[in-house]
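A.B. asks: next one to model:
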Amino acid sequence: MDFEYKMVIVTRKDLKLSIGKLAAQVAHAAVECAIETKKNKSKWYNKWMAEGGKKAVVKVETDDNFLPLKKKAEQLKIIAVIIQDAGHTEISAGTKTVLGIGPAPSNLIDQITGDLSLL
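C.D. replies: Got it, this is the predicted structure:
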């Protein structure tokens, strides 16, 4: 099946998070992106959900890579959120852990994250 809509979560290679912690951060981004897209781009959200809610998780070197990706998403009118940790467990409060982008049309998201490797 070809998916016309997807969400991409961008993770950091430099953070040495446990698998459980990383999964929680990815989930935070997915939930926040879905809620914001449902509020602000309901057509995109509904089509994404109807297709099964495709998500991909990719990686970048550091959080310095988040801002250009977020800026490009915003230029394309795509929801993009950076998740900052509360600091209760493995890392310091305020640490930028992941960037969520979408859901949005796949051809638009690919302009932002298409060159990034899967996690």
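
A.B. asks: every contact and neighbour count from this point should use C-alpha atoms.
C.D. replies: Will do.

A.B. asks: and the nearest residue to A104 once chain neighbours are set aside, how far from I109?
C.D. replies: In space, and not counting its chain neighbours, A104 is closest to Y5: 5.3 Å by Cα to Cα, 6 or more residues apart in numbering. Counting by Cα to Cα, to the nearest Å, the gap from Y5 to I109 is 9 Å.

A.B. asks: give me the more crowded residue out of those two.
C.D. replies: More neighbours surround Y5 than the other of Y5 and I109, with 25 against 21 (other Cα atoms under 10 Å).

A.B. asks: give the buried residues for the helix or strand that contains L108.
C.D. replies: Taking DSSP states H and E as the definition, L108 sits inside helix 106-113. Of the residues in helix 106-113, those with enough neighbours to count as buried (16 or more other Cα atoms under 10 Å) are 106, 108-109, 112-113.

A.B. asks: which of those residues sits closest to R12?
C.D. replies: T113 (13.6 Å; Cα to Cα).

A.B. asks: if anything else comes up later, I'll come back, but that's it for now.
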